[in-house]
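Chemist: please work out how this folds:
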Amino acid sequence: MRENIAIVILLVATTLIYSLVMVNVYGSTVASEDTAGSSAVSEDTAPSGETAFFPVETPTPTPAPAPVISEEPETEEEETSGRLPVSIAGMSACGRWTEDEDDLLSAKEQITPTPSPVDLIIDLDYNSDVDDTAALRIAAMLDRMGRVHLKAAMASTGGEKVCKAMHAQLSYDGYGLVPIGASAQNTPGGSPYWDDLIDHYFTAGDYRVYNSVELYKSVLRELDRIEKDKEKERKRYKKKFECKDEDLPEELKAVQKLKIVTTGYLVNVAGLLQDPEGYSLVCRYVDSIWVTGGVYMQGDDHNFICTTDIAESARYVLDKCPVTLIFSSSASIDNEDGSSIFCGASIQKLDTRGTDPVAMAYRDYAKANNTSLIGGRYAWDPFCLWVACLPMEETQTHLEAIYLSIDHTGRNRFSYDVPANCQIIRRNTDEQGWYTTQLDLLINAGLR
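Modeler: Have a look, this model is predicted:
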């Protein structure tokens, strides 16, 4: 018995000693490998004058399995729209305006998507000046970011080239399917950048142009159809749950409306209001009409005085419009010291290949007028469009009730002495740099 116990003790001791020896050997090996691994660096990181260590034999990595690509598109928009992604690089290149250059926010932090985009029709003169191209770019980028739904783009100047040039810019930005409305009065116009944009980016395949008044009505009729379908849903809901109108869900209560932003002549809007069906549709489905125009406190604004017909159109809209009119006047972008908000300088610097249509238009305008736009151009049209589409706390603006009159020549006058008939955009700060940067961020977002 004692002999058996001695044998067991001897076996246990032998096993223990063997284990300790193996642990010591393994630990030395690992330490040696760690030391070798820490001394191995790549060619790019080896200190100057030292030789980098590379193992003689490198094991061949096992190839990763090929990714499975679904035949179905990830989203319906990717399948049907062909719209391009927002250029975050182009946006962040401008940065956020600040006195401290280190205090910059990324583009994603500055522009936060909203779940409730604004339905939008933009009405441009897209004429001699270049700020219309910046406004159209901003409209496209806000749509891309989910802030608006761009339903149509109208031209308030006449001729075939203006519509083709607008379509060319929209095509570059991925919005070639947006319908375009031609001037209701065929107001004459011309531009140094039309030909350049058409030559580079016009695509006939998806070019769709209509009379502007008919296009306005077509878009508004679609809202009318939606509202009629919603009314059927209201009746079914009230019958099923035996409730009153005030007990309906919010999505069934609300009437879907859109905003019209006109940055040029008011000929198209006047034609819409003069049409009986158009007037009725505006009453029901237009939330507000935002107008670039008006010298504060009084003066001659090009968008009101250009021709007799244009002056009459401005007067008609002011007198007959059944919805809220909001004007982006000279008071909206000018400080009392005469300094103004500009935009478009950044896109010209970033467009090193000379292929961006907005930068192209700025260069063509500068050349035709023998001037330099290195510091940008007045932000009349893009500012109005931007404020109209976003919450006012996001654009650092507010509205001010005021009375506006326009005489037969188109000369305008603002007054606080009589009851207000419209509103004007006023800024919350005189720091033009902040506003310039917000506009340029959106303009740059289309760079590719």
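
Chemist: C-alpha only now, for contacts and for neighbours.
Modeler: Fine.

Chemist: quick one: residue 262 from residue 391, how far?
Modeler: Going from residue 262 to residue 391 by CA to CA, to the nearest Å gives 18 Å.

Chemist: what's the answer for residue 399, then?
Modeler: 12 Å.

Chemist: again with residue 225
Modeler: 27 Å.

Chemist: over to residue 168?
Modeler: When CA to CA is applied, the distance between residue 168 and residue 391 equals 30 Å.

Chemist: now do residue 290
Modeler: Relative to residue 391, residue 290 is positioned 14 Å away (CA to CA).

Chemist: more neighbours, the two?
Modeler: residue 290 (25 against 12; other CA atoms under 10 Å).

Chemist: may I have the beta-bridge partners of the more buried one?
Modeler: Per DSSP bridges, residues listed as beta-bridge partners of residue 290: residue 261, residue 326.

Chemist: one more: residue 425?
Modeler: Residue 425 has the following beta-bridge partners by DSSP bridges: residue 399.

Chemist: could I get the contacting residues of it?
Modeler: Contacts were defined as CA atoms under 8 Å, 6 or more residues apart in numbering; by that measure residue 425 touches 326, 327, 328, 329, 331, 332, 397, 398, 399, 400.

Chemist: the helices in the stretch 151-300 of the chain, which residues?
Modeler: Listed from the start of the chain, the stretch 151-300 of the chain has helices (DSSP state H, counting those that start in this stretch) covering 160-172, 194-201, 212-241, 250-253, 267-274, 276-285.

Chemist: was I right about residue 176 contacting residue 164?
Modeler: No. Because the distance of 10.6 Å does not satisfy CA atoms under 8 Å, residue 176 is recorded as not touching residue 164.

Chemist: quick one: residue 148 and residue 122 touch, right?
Modeler: No. Under the contact definition of CA under 8 Å, residue 148 does not touch residue 122, with a separation of 11.2 Å.

Chemist: one step back: now do the shared contacts for residue 176 and residue 164.
Modeler: Between them, residue 176 and residue 164 share these contacting residues under CA under 8 Å, 6+ apart: residue 207.

Chemist: state the mean pLDDT of stretch 424-438.
Modeler: For stretch 424-438, mean pLDDT rounds to 97.

Chemist: ends of it, how far apart?
Modeler: The stretch stretch 424-438 measures 20 Å between its terminal residues, going by CA to CA.

Chemist: buried stuff in that stretch?
Modeler: Residues of stretch 424-438 classed as buried: 424, 425, 426, 427, 432, 433, 434, 435, 436, 437, 438 (neighbour count, 16 or more other CA atoms under 10 Å).

Chemist: now the residues you listed as TSV including secondary structure and distance to residue 208?
Modeler: Supplementary listing: the buried residues of stretch 424-438 in TSV, determined by DSSP: H, G, I helix; E, B strand; the rest coil; distance: CA to CA, whole Å:
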residue	secondary structure	distance to residue 208
424	strand	34
425	strand	33
426	strand	37
427	strand	37
432	helix	38
433	helix	38
434	helix	37
435	helix	34
436	helix	33
437	helix	34
438	helix	31
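
Chemist: now the two most distant members of those residues.
Modeler: Distance extremes for the buried residues of stretch 424-438: the farthest pair is 424 and 437 at 22.1 Å, using CA to CA.

Chemist: who's in contact with residue 357?
Modeler: By CA under 8 Å, 6+ apart, the contact set of residue 357 is 169, 172, 197.

Chemist: look up how far residue 431 lies from it.
Modeler: Noted for residue 357: a distance of 28 Å to residue 431, by CA to CA.

Chemist: state the distance from residue 349 to residue 379.
Modeler: Using CA to CA, one obtains 17 Å as the distance from residue 349 to residue 379.

Chemist: between these two, who's got more neighbours?
Modeler: The neighbour count for residue 349 versus residue 379, taken as other CA under 10 Å, is higher for residue 379 (22 against 11).

Chemist: for the residue lying closest to the more buried one once chain neighbours are set aside, the count of nearby residues, please.
Modeler: The shortest distance from residue 379 to any non-neighbouring residue, by CA to CA, 6 or more residues apart in numbering, is to residue 342 (4.9 Å). A total of 25 residues lie near residue 342 under the criterion other CA under 10 Å.

Chemist: which parts of this protein are strands?
Modeler: With DSSP state E, the ranges of strands along the chain come out as 118-124, 148-155, 180-182, 209-211, 258-262, 286-292, 298-299, 324-328, 342-343, 377-378, 397-406, 412-415, 422-427.

Chemist: could you dump those to a markdown table with distance to residue 217?
Modeler: Compiled in a markdown table, the strands of the chain are given as follows (distance: least, CA to CA, whole Å):
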| stretch | distance to residue 217 |
| --- | --- |
| strand 118-124 | 11 |
| strand 148-155 | 11 |
| strand 180-182 | 11 |
| strand 209-211 | 10 |
| strand 258-262 | 12 |
| strand 286-292 | 11 |
| strand 298-299 | 33 |
| strand 324-328 | 19 |
| strand 342-343 | 33 |
| strand 377-378 | 32 |
| strand 397-406 | 27 |
| strand 412-415 | 29 |
| strand 422-427 | 24 |
